[in-house]
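S.K.: Have a look; sequence and predicted model below, questions after that.
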Amino acid sequence: MQFHTIISAIGTRQFDDALFSLLRLELGAEEIVVHRYRPRRPVEVLASRAAGGAKALESAVRLYVGSYHRRDPLLARLTSLPSVTPLVGTIHADEITDADYRRRLFVNRGIQSKATMLMREGELVTTLSAYGRQPGGQDRSVALLTEWSLMLGAAIQKHATLVAPSRFDTLEAMISALHNACAGKLSAREAAVCSRILCGYSTEGTGLDLALSNNSVATYRRRAYCKLGISSQSELFRLLLRSGSTGEG
């Protein structure tokens, strides 16, 4: 086993590689993602790796963080169970009844199955998910993740405490920074939409979070960009950095 490699990589950029190497070797995982969920905050990605490289996983991670985590049947199943931790479960693409979720996060990417280990600490939920492209192997995935759960869970949670936290660990902090960066040019709704764009929310995810239609989200985004003289998410982020609102230095 490569547990020693994972342990020695805790808190470093090599942690993702060590974790992926173990799960690829033992479970045949093609992709791994570690998410952290906290009430009233954006979903965080603590680690991610894919056999096909970052680009192969980037769009799927953006979709999931933006809104599709709310439709994750395996996450819903595990969080509904008694507060034992860690919990382990798997799901096959054919079991997913949400056709859009199945198509965009599984079928279109050739993903056959997902195995997830879930850890709770109060309201904080952390998950390790391994995605596979080969049929079968779900029983083995459950058995191994269950066997390793205490060690992996402890390593992941320790890593999460050591990696540099976001300067904006709440949406409220992001909104405040935006108001400072934009010299009060944005309305409350425009700032709320832009903060979620910067946190990686999709249009759909922003709408769900703010109880707005996709068209309304697009309208607020367009108005905000016009007021700021920009045209993209990357320009919005650069504006925030140039303002010094990140508190860096």
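M.R.: Received it, and whenever you're ready, just let me know what you need.
S.K.: Need the nearest residue in space to I230, chain neighbours excluded.
M.R.: L236 (5.8 Å; Cβ to Cβ, 6 or more residues apart in numbering). For every residue, glycine as well, the C-beta is placed using N, CA and C.
S.K.: Need the three-state assignment for the residue nearest to V43 when sequence neighbours are not counted.
M.R.: In space, and not counting its chain neighbours, V43 is closest to V65: 4.7 Å by Cβ to Cβ, 6+ apart. The three-state label for V65, taken from DSSP: H, G, I helix; E, B strand; the rest coil, comes out as helix.
S.K.: isn't V65 right up against S48?
M.R.: No - contact criterion Cβ atoms under 8 Å: V65 and S48 do not qualify, at 10.5 Å.
S.K.: Now the longest helix along the chain: buried residues?
M.R.: Ranked by residue count under DSSP state H, the longest helix found in the chain is helix 138-162. Going by neighbour count (16 or more other Cβ atoms under 10 Å), the buried part of helix 138-162 is 138, 141, 144-145, 148-149, 152-153, 155-157, 159-160.
S.K.: Now that helix: average pLDDT?
M.R.: Averaged across helix 138-162, pLDDT comes to 88.
S.K.: what's the burial count for the closest residue to Y201 other than its chain neighbours?
M.R.: Nearest residue to Y201, sequence neighbours excluded (Cβ to Cβ, 6+ apart): G66, at 4.8 Å. Neighbour count for G66, taken as other Cβ atoms under 10 Å: 23.
S.K.: And for E95?
M.R.: E95 has 11 neighbours, counted by other Cβ under 10 Å.
S.K.: now A29
M.R.: Counted with other Cβ under 10 Å, A29 comes out at 26.
S.K.: now swap in R238 and tell me
M.R.: R238 has 12 neighbours, counted by other Cβ under 10 Å.
S.K.: One more: T203?
M.R.: 20.
S.K.: For this structure, just list every one of the helices.
M.R.: Counting by DSSP H, the helices of the chain are 3-9, 15-27, 54-66, 73-79, 99-105, 138-162, 171-181, 188-198, 203-210, 214-228, 233-243.
S.K.: Sketch out the low-pLDDT regions of the chain for me.
M.R.: The chain contains residues with pLDDT under 70 at 1-2, 164-174, 200, 241-249.
S.K.: swap the cut-off to 50 and go again
M.R.: 164-167, 245-249 (pLDDT under 50).
S.K.: Distance check, the residue nearest in space to the middle of it against T203.
M.R.: With distances taken as Cα atoms, centre = their mean, the residue of the chain nearest its centroid is V45 (4.0 Å). Distance of V45 to T203, given as Cβ to Cβ, to the nearest Å: 19 Å.
S.K.: Was I right to think D98 contacts P73?
M.R.: Yes - using Cβ under 8 Å, D98 is in contact with P73, at 6.9 Å.
S.K.: Would you mind telling me which of those two has more residues around it?
M.R.: P73 (16 against 13).
S.K.: Pretty sure R102 is one of the things that one touches, is it not?
M.R.: No - the criterion here is Cβ under 8 Å, and P73 misses it with R102 at 9.3 Å.
S.K.: Which neighbours do the two have in common?
M.R.: Counting by Cβ atoms under 8 Å, 6 or more residues apart in numbering, the shared contacts of P73 and R102 are I96.
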